[in-house]
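Participant: need a 3D model of the sequence below.
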Amino acid sequence: MQTQTLAAVFETYFRILKCSLDSQLDRRNNPTNGEHMHHGFGLRPLLVPCLDGLGKFSHLINVDFMEDLLAHLQKLAAGDSTLKTRSGTCLQLILTVPERLRCCIVAFKIVRSNLDALNIDLREFFVQLYNLLLDWEPERDNHCETLAEALKIMLCEGRQHDMQRAAAFTKRLASLSLQFESAEAMTVLVTLKNLLQKYVKCRNLLENDGGGGSIGGTVAKYQPEASDPELSGALSSILWELALLSKHYHPAVSELADNIASMSTSHNRAVLSTLSPPDAFRTYSTKEGAFRPPIHQAKPTRKRKYNHASAVSFLSSEEQIKAVEDTDSVRKKFTTHFKVLRDIKENEILRRELNTTLSSLRLYEQYKARKSKKLKKVTSG
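Facilitator: Below you'll find the model as predicted:
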């Protein structure tokens, strides 16, 4: 009964994958906009649950189906490729970036669950991941957990990579971290640190000399827009992005960037980081709207009020009498001082009023003198 149930489940999964390649190809005129999206994915709402199921039960898949299954996943991962239908017409695949990343994740889970029975080169899936990193937009592709899982499974937990490939992913991830939010930047930096810890020669990217490192590789100049990571020449570049990330507004991002930049280029194998990319994204995600981890505000320091009575109580009787007398004398002096100041201020006000009155009287006298002169002229004329 269990065998029949399992066979029926996998048959359903395989049918969904086949329909994703055949019946859905004829949607060239329907763009994958928000109107046709299903929870952030594209025109195939059954594809994502199908891929999740294949990844979960990958250890139960028959080895005979592995080759065809991986071929279908490779075609789906290349979501911008053109395929021919039975009628001979060329149609274009329409898949979102998260869906294509999930295809890569499932392929790696299947191969990892059957390492003894399979000897398959997953180079094409690395090429797809390398190109999908450029197409990833956090505002549009609201599935950063998928990206974090892909980085964990394909780069952090994968087999030993080619040195050029590891350096290419290191350089591209460092460049992309400049445009990400704090959670995505932490996810990328954790992956970058993991790669530099596993591949010591890639730490030559941290050196600030003319060629970027002591090993330039087969490509003399870095090609940032290359589609193949092994042909990008990333070993000829330097990780100048860490200098900018060290001034990031998030303290965890700046601290991790400084930590990566200060890694030694010696060949001592460092201990791998225990924080995985998905854990980093969940720890520093700001989906709830709050700053994570929260910033601990310093408690305000309250000034103690000076109590003269309590201070006097520790003195002896003679000292208390003297302190009280001194207080009374100081009070009298202050009273006299402020009284003098008040009198001076009042005198200044009165002086200003007196000056105003005197000036008005002078003007009136001048007016009277002019008026008398005019009368004398009139009478004499």
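Participant: quick one, helices of the stretch 151-300 of the chain?
Facilitator: Assignment of helices within the stretch 151-300 of the chain using DSSP state H, counting those that start in this stretch yields the ranges 163-176, 182-198, 241-245, 251-261, 277-284.
Participant: so for residue 223, which of the ones you listed sits nearest?
Facilitator: The closest of the helices of the stretch 151-300 of the chain to residue 223 is helix 163-176. By CB to CB, the value is 9.4 Å. Quick note: C-beta positions are derived from backbone N, CA and C, even for glycine.
Participant: just want the angle from the closest one to helix 182-198.
Facilitator: Inter-element angle recorded for helix 163-176 and helix 182-198: 160 degrees (by axes from the mean of the first three to the mean of the last three CA atoms, to 10 degrees).
Participant: for helix 163-176, name the packing helices and strands.
Facilitator: helix 123-135, helix 182-198, helix 241-245 (3 or more CB pairs under 8 Å, 6 or more residues apart in numbering; DSSP states H and E).
Participant: what is the rounded mean pLDDT of the helix or strand encompassing residue 75?
Facilitator: Element membership for residue 75 (DSSP states H and E) is helix 66-77. Across helix 66-77, the average pLDDT comes to 83.
Participant: which other helices and strands contact it?
Facilitator: Right, helix 66-77 is packed against helix 2-21, helix 97-113, helix 123-135 by 3+ CB pairs under 8 Å, 6+ apart.
Participant: quick one, which of these is packed in tightest?
Facilitator: Neighbour counts (mean count of other CB atoms under 10 Å) averaged over each of those peak at helix 97-113, with a mean of 23.
Participant: run the angle between that one and helix 66-77 for me.
Facilitator: Relative orientation of helix 97-113 and helix 66-77, computed by the same axes, to 10 degrees: 160 degrees.
Participant: number the chain from 27, please
Facilitator: Okay, residue one is now 27; in that scheme the one you just asked about reads as helix 123-139.
Participant: next one: helix 123-139 to chain centre, how far?
Facilitator: Distance of helix 123-139 from its chain centroid, counting by CA atoms, centre = their mean, to the nearest Å, is 25 Å.
Participant: and the angle from that helix to helix 149-161?
Facilitator: 150 degrees.
Participant: what packs against helix 123-139?
Facilitator: Checking 3+ CB pairs under 8 Å, 6+ apart, helix 123-139 ends up next to helix 73-82, helix 92-103, helix 149-161, helix 170-177.
Participant: tell me what the longest one is packed against?
Facilitator: The elements that helix 149-161 packs onto, with contact taken as 3+ CB pairs under 8 Å, 6+ apart, are helix 92-103, helix 123-139, helix 189-202.
Participant: same check on the last one?
Facilitator: Helices and strands in packing contact with helix 170-177 are listed as helix 123-139, helix 208-224, helix 303-310; criterion 3+ CB pairs under 8 Å, 6+ apart.
Participant: turn the helices and strands packed on helix 149-161 into TSV, including distance to residue 175.
Facilitator: As requested, the helices and strands packed on helix 149-161 are arranged in TSV below (distance: least, CB to CB, whole Å):
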stretch	distance to residue 175
helix 92-103	15
helix 123-139	6
helix 189-202	15
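Participant: residue 182 and residue 195, how far apart?
Facilitator: Residue 182 is 11 Å from residue 195, where distance means CB to CB, to the nearest Å.
Participant: shared neighbours of these two, anything?
Facilitator: Both residue 182 and residue 195 are contacted by 217, 221, under the criterion CB atoms under 8 Å, 6 or more residues apart in numbering.
Participant: pick out whichever of the two has more residues nearby.
Facilitator: residue 195 (25 against 19; other CB atoms under 10 Å).
Participant: surely the more buried one touches residue 158?
Facilitator: No: between residue 195 and residue 158 no contact is recorded; they are 11.8 Å apart, counting by CB atoms under 8 Å.
Participant: all strands for the stretch 277-407 of the chain, in order.
Facilitator: Read by DSSP state E, counting those that start in this stretch, the stretch 277-407 of the chain holds no strands at all.
Participant: so which of the helices of the stretch 177-326 of the chain is nearest residue 354?
Facilitator: Nearest to residue 354, of those and by CB to CB, is helix 277-287 at 56.3 Å.
Participant: and that closest one, what does it pack onto?
Facilitator: Against helix 277-287 (3+ CB pairs under 8 Å, 6+ apart) you get helix 208-224, helix 267-271.
Participant: re the thing from before, let's have the helices of the stretch 177-326 of the chain in JSON lines, adding mean pLDDT and distance to residue 359.
Facilitator: As requested, those are arranged in JSON lines below (pLDDT from 0 to 100; distance: least, CB to CB, whole Å):
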{"stretch": "helix 189-202", "mean pLDDT": "90", "distance to residue 359": "71"}
{"stretch": "helix 208-224", "mean pLDDT": "90", "distance to residue 359": "61"}
{"stretch": "helix 267-271", "mean pLDDT": "92", "distance to residue 359": "63"}
{"stretch": "helix 277-287", "mean pLDDT": "90", "distance to residue 359": "54"}
{"stretch": "helix 303-310", "mean pLDDT": "82", "distance to residue 359": "63"}
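Participant: which one of the ones you listed lies closest to residue 131?
Facilitator: helix 303-310 (11.5 Å).
Participant: contact partners of that closest one?
Facilitator: 170-171, 174-175, 177-178, 182, 208-210, 212-217, 276, 278, 301, 318-319.
Participant: got the confidence number for the nearest residue to residue 78 once chain neighbours are set aside?
Facilitator: Excluding its sequence neighbours, the residue lying closest to residue 78 (CB to CB, 6 or more residues apart in numbering) is residue 128, at 7.6 Å. Among the per-residue scores, residue 128 shows a pLDDT of 89.
Participant: residue 128 touches residue 172, doesn't it?
Facilitator: Yes: under the criterion of CB under 8 Å, residue 128 makes contact with residue 172 at 6.2 Å.
Participant: can you list the weak-confidence ranges in the stretch 277-407 of the chain?
Facilitator: 290-300, 314-317, 319, 321-351, 407 (pLDDT under 70).
Participant: buried sites along the helix holding residue 101?
Facilitator: 92, 95, 96, 98, 99, 100, 101, 102, 103 (16 or more other CB atoms under 10 Å).
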